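> Sharing a model prediction with you, sequence too.
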Protein chains: 2
Amino acid sequence: MALVVAKFGGSSVADADKIKRVAERVVEQRRAGNDVCVVVSAMGDTTDELLELAEQVSPLPPPRELDMLLTSGERISMALLAMAISNLGAEARSFTGSQAGVITTGTHGKARIIDVTPGRIRTALDEGAIAIVAGFQGVSQDTKDITTLGRGGSDTTAVALAAALHADACEIYTDVDGVFTADPRIVPNARKIDTVSYEEMLELAASGAKVLMLRCVEYARRYSVPVHVRSSFSTKQGTWVIDLPEAELVEQAIIRGVAHDNSEAKVTVVGCPDKPGVAAAVFRAVADADVNLDMIVQVGSVAGSGRTDISFTAPKADGRVALAALEKVRAEIGFEKTLYDDHIGKLSLIGAGMKSHPGVSARFFGALADSGVNVEIISTSEIRISVVVRDTDLAGAVKAVHDAFELGDPDNQAIVYAGTGR
Amino acid sequence: MALVVAKFGGSSVADADKIKRVAERVVEQRRAGNDVCVVVSAMGDTTDELLELAEQVSPLPPPRELDMLLTSGERISMALLAMAISNLGAEARSFTGSQAGVITTGTHGKARIIDVTPGRIRTALDEGAIAIVAGFQGVSQDTKDITTLGRGGSDTTAVALAAALHADACEIYTDVDGVFTADPRIVPNARKIDTVSYEEMLELAASGAKVLMLRCVEYARRYSVPVHVRSSFSTKQGTWVIDLPEAELVEQAIIRGVAHDNSEAKVTVVGCPDKPGVAAAVFRAVADADVNLDMIVQVGSVAGSGRTDISFTAPKADGRVALAALEKVRAEIGFEKTLYDDHIGKLSLIGAGMKSHPGVSARFFGALADSGVNVEIISTSEIRISVVVRDTDLAGAVKAVHDAFELGDPDNQAIVYAGTGR
């Protein structure tokens, strides 16, 4: 008998019929002898509808009240799911984030989980009931106000509850079969990955793979929660995100997958004085405006000019803010002008094996060169190589790299990981 | 500076525009120097929409989960109202029933308020904020589960909060101007009543006046909360429900108003054995089926037959249940059969003055007789006379009684209560 935390997103509970299907799935797990705690998001479009209501009332609603409003979404879906489960003859009890003991910081709209004290969930499970918890929400430690966790919050709720309950697994149900070696819409022979380490999944999430949010993976890694990303439409095994033994990773150059991201733009600060402290001043100005920098490159100064160019990428959504922040410090820093380019794409190759196998880089850049892709920025970590290319080159580049590492070959992963599936 | 609890019902907050109007009204009160605590119901049709969702999922939803679902309605309206108020430059904080300290019994769907511990509301008010509280909901003392109070629950929330906060007044905003001497749709010259005692309002509510629910008036009376029933569409004074000094009531035969009710049916149990204990057995059977009996009459036995008929009125909605309950005990009690008549109407004349003025009855029955209305059942209290008549006679009877006591005369009340208006 295992304890499983299962999370269903908004599209899985979008209407009464889908809620009933989720109920069947959950009751099946319970009847198989497992303790089940379910985390749900708000139904399909509920959050958007609530946001529209808020907009009709106020152009800039107070964050505390926006959280109060939005958290009614999960309240509706969790109560309905409890009803559907009870209809099938199993007992279910729904709990708000606050009732489930999800304690957060007080930053409305993007609170962070500080602690989870799941006493009531534990009791419900011990009494044989299926516990249903509202995802995405909690209660602030200091003011006892209702908070929301921001994007991907329900996944984080599920992982945090799994950690607090010492669950055997956290299942994230979604509309895809798992994590793939590349986006199947771009690479038709992309393959579902059976197992991936927390570190690799962190890099994948940070590089544009949307199936799991970064925060959720970080939380899972910190508490060693085995996460199973799987489809809500089938019973097939999905992708397990787990602690992979180091021993298995050094055997050969394991390359896990190719992620891409076209949500970023490139900002270039032209003609910076080439002296110490200038780059720091540029990045501080951008960071103070709450813009997350991603890749950074500094072009060496033109001989004798005493000037240099600094480029970085950042979310397109933050483009305007970043430029405005830079404009404010232009005179002070003494650069010439800024350029803004949102026709870029980022490609990342991820795999724990690459740190011990220098041949990976050669093959990677060879594949890009062979398909005529020009590389504008490069950044690397121990288990990742990322490049910025023209956005029009992005799909071709993803395919070329995926092919070069034979990631579509079904034998590829199977050989390496024989026996590690769960 | 006064402390006012103001309650706005679902029709007052039915859409964004109406919510903004309520916000203006509330902010005006705050700017006039009052501390304001607002109680809101769910927006217009929200509750019905949620019930429909529940129906799609389960034919018989567990009451605990139905309460969890329905309470999202007030969460939405209160957050939106807080946003609208904040938009006008005043501070507002919304609180769920649980956060506001509304402690109830555990009977989901019709919980009763046990205690109110409004610590957080008090703090919000002390800090200059407008407190907004979800009506109709609370948290159960034993299980800490979310509960709802049933019909008229938001009014009761408002009165209970007013009592706990020692508010100067509880304002119930509604879509009529106040309590009237009769239903203005039947009696065109019906007059708004300026002041009415708790006891009279109890009788009015119990006799079919729908403007305030019985529970809410009982609560107000127990804690001496002055209740002001008024229109959300105007700033006119409405009706004050207050403790009226006895001295003012004995001056003359004060008749407050005429209430009517056509929601009841008459059940007659024919041919009961005329011996002690039979009536008790009949009423116990009906009460055990959770049917509220209203008026009761027993017709004296026909000479020598040893048999008698017992009639009572009860809500039409409970008719089927009452008859089924009686059928089950027919053999045991030994009555012949039951009759069911739902073409009846009830008319009640209410006024504290009538207890010391026997002339009231004479004038009352005289008016009915003069307009040819046949009276089927009579019941009285110290401050009320009620009769059951044919439903087709009801409107005419209401008009006749209203005229006989000159209730439409604007001088009538003014003379008696000069100087008591608040």
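Structure's in. What do you need?

> Where does pLDDT dip in the stretch 301-422 of chain A?
Scanning the stretch 301-422 of chain A for pLDDT under 70 picks out A:301-303, A:411-422.

> make it 50
When the per-residue scores of the stretch 301-422 of chain A are filtered using pLDDT under 50, the ranges that remain are A:414-422.

> now the strands for it?
For the stretch 301-422 of chain A, the strands identified by DSSP state E, counting those that start in this stretch occupy A:307-315, A:337-341, A:344-350, A:377-381, A:384-390, in order along the chain.

> a markdown table please, covering these and showing distance to residue B:188 and mean neighbour count.
For glycine as for every other residue, the C-beta is placed from the backbone atoms N, C-alpha and C. Output for those, formatted as a markdown table (distance: least, CB to CB, whole Å; neighbours: other CB atoms under 10 Å in any protein chain shown):
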| stretch | distance to residue B:188 | mean neighbour count |
| --- | --- | --- |
| strand A:307-315 | 67 | 20 |
| strand A:337-341 | 72 | 14 |
| strand A:344-350 | 75 | 25 |
| strand A:377-381 | 82 | 15 |
| strand A:384-390 | 79 | 22 |
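
> Those: which one's closest to chain B?
If you check each of these against chain B by CB to the nearest CB, strand A:307-315 wins as the nearest, at 27.3 Å.

> Compute the inter-axis angle for the closest one and strand A:377-381.
Interaxial angle, strand A:307-315 versus strand A:377-381 (axes from the mean of the first three to the mean of the last three CA atoms, to 10 degrees): 70 degrees.

> what lines up beside strand A:307-315 in the sheet?
Strand A:307-315 sits in its sheet next to strand A:264-273 (antiparallel), strand A:296-299 (antiparallel), going by DSSP bridges.

> which of those strands sits most buried?
Of the strands paired with strand A:307-315, the one with the most neighbours on average (mean count of other CB atoms under 10 Å in any protein chain shown) is strand A:264-273, at a mean of 20.

> What is the distance between the helix or strand following that strand and the centre of its chain?
Counting by DSSP states H and E, the next helix or strand C-terminal to strand A:264-273 is helix A:278-288. For helix A:278-288, the distance from its own C-alpha centre to the chain's C-alpha centre is 26 Å (CA atoms, centre = their mean, to the nearest Å).

> Of all the residues in helix A:278-288, which ones are buried?
A:278, A:279, A:282, A:283, A:285, A:286 (16 or more other CB atoms under 10 Å in any protein chain shown).

> try stretch A:401-408
By neighbour count with 16+ other CB under 10 Å, stretch A:401-408 contains the buried residues A:401, A:402, A:403, A:404, A:405, A:407, A:408.

> picking up where we left off before, will you turn the strands paired with strand A:307-315 into JSON lines that also has distance to residue B:9 and mean pLDDT?
Rendered in JSON lines, the data for those read as follows (distance: least, CB to CB, whole Å; pLDDT from 0 to 100):
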{"stretch": "strand A:264-273", "distance to residue B:9": "50", "mean pLDDT": "93"}
{"stretch": "strand A:296-299", "distance to residue B:9": "58", "mean pLDDT": "80"}
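
> where's the nearest residue to residue A:345 once chain neighbours are set aside relative to residue A:368, distance?
Once its chain neighbours are removed from consideration, residue A:345 has its nearest residue in residue A:394; the separation is 3.3 Å (CB to CB, 6 or more residues apart in numbering or on different chains). Taking CB to CB, to the nearest Å as the measure, residue A:394 falls 11 Å from residue A:368.

> try residue A:232
Shown here: residue A:232 relative to residue A:368, a distance of 36 Å by CB to CB.

> ditto for residue A:311
The gap separating residue A:311 from residue A:368 is 19 Å, by CB to CB.

> Up against chain B, what does the stretch 101-250 of chain A have?
Proximity of the stretch 101-250 of chain A to chain B (CB under 8 Å from any CB of the partner chain) is limited to residues A:120, A:144.

> same thing but at 10 Å, please
The stretch 101-250 of chain A has residues A:120, A:132, A:134, A:139, A:143, A:144, A:145, A:146 near chain B, with proximity defined as CB under 10 Å from any CB of the partner chain.

> quick one, what contacts the residue of the stretch 201-350 of chain A found nearest chain B?
With CB to the nearest CB as the measure, residue A:232 is the residue of the stretch 201-350 of chain A nearest to chain B, at 17.2 Å. Residue A:232 sits next to A:6-9, A:11-13, A:18, A:21-22, A:25, A:171-176 when contact means CB atoms under 10 Å, 6 or more residues apart in numbering or on different chains.
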